[in-house]
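Student: Next input, structure requested:
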Amino acid sequence: MNLERCRPADVEALTAFLREVDLTLSGLDAPRVRLWLERDEAGAIIGSTGYEISSDGHHALIRSVAVSPTQRSRGRGSALASFVLERAVEEGVSRAWLFSRRSGPFWQSLGFESADRDELAEALAGTHQVRLFQQTGQVSREVAWSRLLAAI
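Tutor: You can find the predicted model right below:
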């Protein structure tokens with residue numbers, strides 16, 4: 001897997017990719033969002049991964065972990081998630097969080113446990129995605145997951 005850091009010029013293509021896989025589109029260019037892309041031989045995005053870091057640097061909201069439908073069931077999702085968790089640890093993050101209503105078993109296979117969404121919202125209050133979900137009322141419909149990162 002060859003990942004590259006998402007650049008400002010990539011945000012439009014990443015937005016289109018994430019729209020296709022039905023993930024959150026807002027805040028992709030926010031300063032605390034770190035994103036990486038995987039491309040095929042033709043340059044099309046076939047995978048993405050990233051996180052949004054808390055203002056204190058101790059928490060990360062995992063987001064934009066996605067694999068193109070044609071590339072699924074090959075271990076790419078796990079590789080993308082592992083990659084971003086390792087980057088978060090390198091940056092000093094001690095706990096990862098995420099919202100997922102559909103992919104709980106996937107995240108559980110990577111050591112995540114069910115978490116309190118209000119605790120997530122408090123730990124990551126300054127993140128773009130949490131603010132958006134609170135403003136729209138979506139946070140009350142979300143399922144939260146969390147994992148300590150010291151074990152990575």
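
Student: Can you name the residues bridging to the residue nearest the centre of the chain?
Tutor: When CA atoms, centre = their mean is applied to the chain, the residue found nearest the centroid is Arg63 (1.6 Å). According to DSSP bridges, the residues that bridge with Arg63 are Gly50.

Student: For it, give me its contacts.
Tutor: Going by CB atoms under 8 Å, 6 or more residues apart in numbering, Arg63 touches 23-24, 33, 50-52, 98, 129. Where C-beta positions appear, they are placed from N, C-alpha and C, glycine not excepted.

Student: Can you lay out those residues as CSV showing secondary structure, distance to Met1 and pLDDT?
Tutor: Supplementary listing: these in CSV, determined by DSSP: H, G, I helix; E, B strand; the rest coil; distance: CB to CB, whole Å; pLDDT from 0 to 100:
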residue, secondary structure, distance to Met1, pLDDT
Leu23, coil, 19, 83
Thr24, coil, 23, 82
Val33, strand, 20, 93
Gly50, strand, 15, 96
Tyr51, strand, 17, 96
Glu52, strand, 22, 94
Leu98, strand, 20, 94
Gln129, helix, 24, 89
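
Student: Pull out the buried residues from those.
Tutor: 24, 33, 50-52, 98, 129 (16 or more other CB atoms under 10 Å).

Student: farthest-separated two in the residues you listed?
Tutor: Using CB to CB, the pair of the buried ones among the contacts of Arg63 lying farthest apart is Val33 and Leu98, separated by 13.6 Å.

Student: What's the biggest helix in the protein, counting residues?
Tutor: Across the chain, the longest stretch assigned as helix under DSSP state H is helix 76-90.

Student: So which bits of that one are buried?
Tutor: Those would be 76-77, 79-81, 83-85, 87-89, for helix 76-90 by 16+ other CB under 10 Å.
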